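S.K.: sharing a model prediction with you, sequence too.
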Amino acid sequence: MQTTDIGNKEDGKIWHRKPTPINGVIHSAAAYQSKIVRFLHITFDATGDSFLAGDHHGNIYVFDISANRFRLIQKTGQACTALAFNLRRTTEFLVALADYSVKCFDKDTKQLVSWMRGHEGAVSSVSVHSSGRYAITTSTDTAQLWDLDTFQRKRKLNVRQSVGIQRVFFLPLSNTILSCFSDDSIFAWECDTLFCKYQLPVPDQGPRFHYKAFAVTRDGKTLAAGGRSNLLHLWCLEARQLLRVIQMPPKVRTVRQLDFLPDSFDGGPPCSAVSPNGRHVVTIMDNGGLNIYAVQSLTQEFNKPPPPLVKVVSGGGPSALTVKVKSESVQRPSKTSSRSVKTKVLRPPAVSVAEEKENELPDGLNQKRLLGLLKAFGEYPAKYRMFVWRSLLRLPENHAAFSSLTDKGLHSAYISIQERYPIKSHKLQRGLQRVLSALAHWAAIFGETEYLPLVAFPFVKLFQNNPLLCFEVVATIIVNWCQHWFEYFPNPPLNVLSMVENVLAHHDKELLQHLTDCGVTSQLYVWPLLETLFSEVLTREEWLKLFDNVFSNHPAFLLVTVVSYVTCCRAPLLLCNHKEDFKYFFHHRNNLDISAMIKETYRLMEGTPAEIHPRNMLADFQPLTRGQYPVFNKYPTYIVEYQSQERERIRQQEMEFLRERQAVQELRAETVRRQAEDEAWYTQQELLQQAEEQRRNILQQEENKLAEQRTRLAAMKRELKVKEMQLMDAARRRFQKHQQHQRLTDLHRLDDQIQQKMKLREQESAAAVQDAEVRQIELETQRRLFEQQLAQEQVSVNQEVRAEVDTRTRRSEVDKTAFRRHLDDDTDIGLGTNQILVESMAEAGQVCTDTEWQAEVLRRLERDDMHQDSHNQLLARVHRETRAKEDQLVNAMKDMEGKMWEEVVAQKAKLEEEKLAADSAEAHRRVFLSQDQEEMEQHQEDLWSQARSVGGSRPVLWVGPGPFCGTITARLLSSVSLDRGRAELDCRERKLMQDIRELRQKLATRAKTSNSTTSQSPNSQ
């Protein structure tokens, strides 16, 4: 028995060598610290390969028996009172703590999943439903049903204080809850409705049992209960009655815990001490340690096979008896222990003592008898196969030697083996890496052999829980069945391939000739099978069956098996003609009867001549030596040493590169440190500058505050002055208002005069409109005459007329623009004069009030001007209509173009006269414009002189464009208002006549030019 001191370790191995049961105990674990730590509770998971253990300090450990590891997964800080590890989410577990709470943790992430409260006493047990969805937590006063999906409480069972709860738990494979109380009453409840289904009868006679421990079989049909006595009660839950009472020895006084061990009729319940798979039992000792028991060793006496019926006894005395079993006559006795086994004594066959000793194997087995069984059944029983292989290979199990190899760590050749051979299972990956590293440390060549992982992987998969046996099996195969494989390293073993080819040539020359004709050598059809040991072309069962025969025969059997595989696949091979087909065939599984192939192998072993038989070229089986493994040097050492030296050189270069990289990293770190120091210094300087800037800002803010205070004082002074000025202005306005009331009477008197003048002007305007209408009629008559004349002109003349009209229009616009500019200049001068006059307005306020009535006169005159403007717009509309009619004349002229050629000469003279008249009208217009401009300039000079005289001598009359108007402005506006409208009307009429004459002249000229061009074109032809 091994003992592991957990101490302060957080993870480690459970045992450091293969466990050997001593009285059923395979391991003992204890936590020895400065203060004694005792384990309190344990529980298995659903698989039975790992269990949880909690101590009174609140540390939760997980022990993985299959992986031989333990680790600390949680520190709760307080003692645990119950554990459960068979939840639906396999990584989660429940732990009940001393503070009456139940917590759910995840063992992988070590995170708290949920926290369940509700108990007022310590939780004594946690029972999980077989589905893993519900859990029942039990204390002395209550039991609560929890939903593990939402971690919410669904039901609660309360009892009287006089009746306490012993235990409440789920029955396996059902929705029934069994509750046991302190008065020994047992009730069954429906899980969903909590309806009481039945109550188990308890014996009324005799003393009370005080049930403390309960156990239920896996099928949920039988209940066992025990308490403060040496009696156990068994109930049939289906019949709901007491089956029997089991009395234990008198020294048993109290039953603390009950568990059903798994058997063929009962798989055992998932409880806190027995694994569900029935392989291990874990118990907590009085000192707080853990004992792990192997159920197989505990039940060894029950599982022994019965003795055979047929025995052969040889020897004279009882001490020299040797028992042999005949496989063809072996029969099993019945299980009844009362019946004796009858044996028949036969004469021993004539077998020499030397041969008998040669066939003897460890553990009481005989190789010849095993070979007979193998030929009869074709394979060994799967249950005892590993045991038989260990006996056939005579494995020494050198723990110390193997530990010395594994202590050297991983070999450099297999550190990155996962890149070349990726395996999904990390456990198999680590096992393969460990075995290959041990082989490479044993012999240097195995670190250079590329196909060694292919040889070792099937055995790693078989012995994944025992790396020692795996290593020794692979080493035994290399020593015996791989003889002469490494003599041509790194090339394939040509001598071994030649042996196989010779045997094939003897038994099937046609097939060999076909392979030779297709260019297929033994390296293509023999070596793929040997380097993988048939693992690529056979299934697991077929491969195990084959190696049952390989390990039971001479090492030459493996080479002959290659020949039998090729001959058994003769038909598909003869159909192949390409190398790629052969490569695919010998690297993939094919339809093959493994039993027929093995029989063919035995036939070839017996029918091959001795001169070519591989048995004569290979040595007999030699097991590994005990204590130390043999030296393996059957390979070209110089090649391996060279490769090892090259690898060492590469490793040294890598180490040198790593050192240089480390130096570079250190230099980089130093550079980074210096940069950090520089940045810190610059940061400090920036902080100092910022502090200085802050001080300057503070001083600036103080100065700004003083300036603001001064500004506020100045503003206050200005406000006082403004108020003073407002008071003075208010007094002045009151005085002005008084004067305005005095002038209102004058305004009413002037209104009558203005009305009379307005009536006169309206009459004059009506007369002007009538004159305009008369002139429009005259123009209409002239237009009709012009239509008849202009209808004979050409389209080209119309274009020239349009151009001339555009020119005249632009010229008139220029004149208008000049006239408006003069008006604008007059306005600007008036604005300047206004600026000068406004400056003296405050002093002449009283004088302006006298002229306020004159402003009303000005407004009346402005209304008259508006009426005059409306008349002007009417005249403009007449002008536009005239222009439209002229356009109609031009269109008519296009139709009568051909009729105008005869009158061209006469019209030319007439056009000259009209041109002279137009020139005289243009001269008259220019004279009018010059006179108007001179009048405007004279008026502007008068305004400036009057403004200067007003600013110097302060006259009584006020002149300006403001809201008040003087007598001079009123007189000027009254004299110009009507005359200006009549002059503009006359000017427009003269301009229209002149434009018409010019158009006619241009049309005649264009017609003449076009006629001359047409007359020249026929002459040129």
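M.R.: In hand now; what should we look at?
S.K.: all strands of the stretch 101-250 of the chain, in order?
M.R.: For the stretch 101-250 of the chain, the strands defined by DSSP state E, counting those that start in this stretch cover 102-106, 112-116, 125-128, 134-138, 142-147, 152-158, 165-170, 176-181, 186-190, 196-200, 213-216, 222-226, 231-236, 241-247.
S.K.: next, format those as CSV and append distance to Thr91 and mean neighbour count.
M.R.: Every C-beta, even on glycine, is put in place using the N, C-alpha and C of the backbone. Below are the strands of the stretch 101-250 of the chain laid out as CSV (distance: least, CB to CB, whole Å; neighbours: other CB atoms under 10 Å):
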stretch, distance to Thr91, mean neighbour count
strand 102-106, 5, 20
strand 112-116, 10, 15
strand 125-128, 14, 23
strand 134-138, 16, 24
strand 142-147, 18, 20
strand 152-158, 21, 13
strand 165-170, 21, 22
strand 176-181, 26, 21
strand 186-190, 30, 18
strand 196-200, 34, 13
strand 213-216, 26, 20
strand 222-226, 32, 22
strand 231-236, 36, 18
strand 241-247, 39, 12
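S.K.: can you tell me which of the ones you listed is nearest to Met725?
M.R.: Across the strands of the stretch 101-250 of the chain, Met725 has its closest neighbour in strand 112-116 (82.7 Å, CB to CB).
S.K.: re earlier: how about a markdown table for the strands of the stretch 101-250 of the chain, with mean pLDDT and distance to Arg863 added?
M.R.: Formatted as a markdown table, the strands of the stretch 101-250 of the chain follow (pLDDT from 0 to 100; distance: least, CB to CB, whole Å):
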| stretch | mean pLDDT | distance to Arg863 |
| --- | --- | --- |
| strand 102-106 | 89 | 100 |
| strand 112-116 | 85 | 97 |
| strand 125-128 | 88 | 109 |
| strand 134-138 | 89 | 104 |
| strand 142-147 | 86 | 98 |
| strand 152-158 | 81 | 95 |
| strand 165-170 | 86 | 112 |
| strand 176-181 | 87 | 112 |
| strand 186-190 | 86 | 110 |
| strand 196-200 | 85 | 114 |
| strand 213-216 | 86 | 121 |
| strand 222-226 | 88 | 124 |
| strand 231-236 | 86 | 127 |
| strand 241-247 | 84 | 130 |
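S.K.: tell me the residue in the protein that is farthest from the middle.
M.R.: Ala906 (101.5 Å; CA atoms, centre = their mean).
S.K.: I'd guess that residue is in a helix, am I close?
M.R.: Yes. Judged by DSSP: H, G, I helix; E, B strand; the rest coil, Ala906 forms part of a helix.
S.K.: that one and Pro453: what is the separation?
M.R.: Taking CB to CB, to the nearest Å as the measure, Ala906 falls 128 Å from Pro453.
S.K.: I'd say Thr254 and Arg228 touch.
M.R.: Yes. With contact defined as CB atoms under 8 Å, Thr254 counts as touching Arg228 (5.3 Å).
S.K.: name the residues contacting each of those two.
M.R.: Residues touching both Thr254 and Arg228 (CB atoms under 8 Å, 6 or more residues apart in numbering) are Lys212.
S.K.: related to what we said a few turns ago, now do the same contact list for the residue farthest from the centre of the chain.
M.R.: Ala906 neighbours (CB under 8 Å, 6+ apart): none.
S.K.: try it again with 10 Å
M.R.: By CB atoms under 10 Å, 6 or more residues apart in numbering, the contact set of Ala906 is Ala1004.
S.K.: got the confidence number for it?
M.R.: Listed pLDDT for Ala906 reads 72.
S.K.: same question for the one 3 residues further on.
M.R.: Ala909 is assigned 72 on the pLDDT scale.
S.K.: from here on, call the first residue 97.
M.R.: New numbering, starting at 97: the last item is Ala1005.
S.K.: where in the stretch 597-746 of the chain is pLDDT low?
M.R.: 731-740 (pLDDT under 70).
S.K.: hmm, back to that, can you lay out the strands of the stretch 197-346 of the chain as CSV showing distance to Gly468?
M.R.: What follows is the strands of the stretch 197-346 of the chain, written out as CSV (distance: least, CB to CB, whole Å):
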stretch, distance to Gly468
strand 198-202, 55
strand 208-212, 59
strand 221-224, 52
strand 230-234, 56
strand 238-243, 61
strand 248-254, 64
strand 261-266, 52
strand 272-277, 54
strand 282-286, 57
strand 292-296, 56
strand 309-312, 46
strand 318-322, 45
strand 327-332, 47
strand 337-343, 46
